[in-house]
Each structure stands twice: as structure tokens, then as C-alpha cells.
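Asker: Got a sequence here, can you build the structure:
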Amino acid sequence: MSAKAETEIRLQVGEDDLEDDENKSKDESIETLGRDPLRINDSVKIAFEELFAEPHSTLYSFDSVWLLSFKIFNLTKEWCYKITTVIFAIPLAFLWGLQFGCMACCTIWCCRPWVKACQMNVVCLQGFLQILLDCLYKPVFGAIGHIFYNIRVKFSRDAF
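Answerer: Numbers count the residues shown, from 1 in each chain. Now for the predicted structure:
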């Protein structure tokens, strides 16, 4: 193998995945319709009919009141949500991004290495405990077991 061939060898660890992620962020746009494809927020879908119901015709309000209540409820819910998201969405998105970024960093750079270090230490401890069991406990308790090996206990109904 020549020196030139050695210099041309490139290490390609995860390079393809990195290029795919870069292309995704450039080419894809975020979905603006159907924003809950995994249906994680089904519990906050509240319809007028789920809250208000007039069970019998003797308890019906005027039709105009019922229709106006329906419209006011839906408009108020919609605009309240839009106004509060204008105020809170960007700061909260920043804070949650910060939170999950810090958690990912902590997991990658602190927790996983710490767990691996603990696993390595446990292997050393396991070896020490195995030696202790083989050299001390097994012979001692084996001898104690041999002492009591021939003891027989008989039970009878005639005690005295």
C-alpha cells in the first residue's frame, strides 16, 4: 500500500446521516394543517355539544339564544387560544427547547458516562465478591452444612 493510498482513506462515521439531517432542515417545511398527527392532545378537543345539552324539548331555550351561545362559545375559545399563543408560544417554545436541549446534553455527557462507569465498577466488585464467596463463604457454610447433615428429626403424636 502506498503512502498516497493511506492519505486518501476517509473515516465516514455517521456522515450520511448528517447530510440527511441537513437536507431535511433545508427542504422540508413544517406542516400547518393537521398539526397533531400523533393525536397527543385529543383531551383538549372540547366541542360545544360536549359541554352544553338541553335534554328535553320542555327545557329548550330559544333557538336564537342556542345558536348565539354556540357561536360565542366557539369564537371566544378560538380567539382566546390565538391571543394566548401569540403571547406565550414563542417564549415557551424557547424555554422547552432549552429544557430538552439541556436534558439531552446532560444525558449524553453526564448520565450515560456515569452509568457506564458504574457498570465498570460493578464488574470489579462482582469479581471481588465472587472471590469472597468461593474462598470464604462456600467452605465455611459447606462445613456447617456437613455438621448438621446427619441430624434426623422424628415427629410422633405420643409426646409424653
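Asker: Now do stretch 47-59, average pLDDT.
Answerer: Mean pLDDT, taken over the full extent of stretch 47-59, equals 89.
Asker: okay, how far is it across that stretch, tip to tip?
Answerer: End-to-end distance for stretch 47-59, by C-alpha to C-alpha, to the nearest Å: 21 Å.
Asker: contact partners of that stretch?
Answerer: Outside stretch 47-59, the residues that touch it by C-beta atoms under 8 Å, 6 or more residues apart in numbering are 60-61, 66, 69-70, 73-74. For the C-beta atoms, the positions are set from N, CA and C on the backbone; glycine is no exception.
Asker: Go again with 7 Å.
Answerer: Outside stretch 47-59, the residues that touch it by C-beta atoms under 7 Å, 6 or more residues apart in numbering are 60-61, 70, 73-74.
Asker: So what does Gln99 look like in phi/psi?
Answerer: Per-residue torsions, Gln99: phi -60, psi -50 (degrees, to the nearest 10).
Asker: and it, how many neighbours does it have?
Answerer: Look at Gln99: counted by other C-beta atoms under 10 Å, it has 10 neighbours.
Asker: Now do it against Cys105, distance only.
Answerer: Separation of Gln99 from Cys105 (C-beta to C-beta, to the nearest Å): 11 Å.
Asker: now do Arg157
Answerer: Distance of Arg157 to Cys105, given as C-beta to C-beta: 74 Å.
Asker: Equivalent analysis for Cys124, please.
Answerer: Where Cys105 is concerned, Cys124 sits at a distance of 29 Å (C-beta to C-beta).
Asker: Specify the local secondary structure of Ile90.
Answerer: Classification of Ile90 by DSSP: H, G, I helix; E, B strand; the rest coil places it in helix.
Asker: Quick one: the helices in this protein, in order.
Answerer: Counting by DSSP state H, the chain has helices at residues 3-8, 15-27, 48-51, 63-106, 112-132, 138-147.
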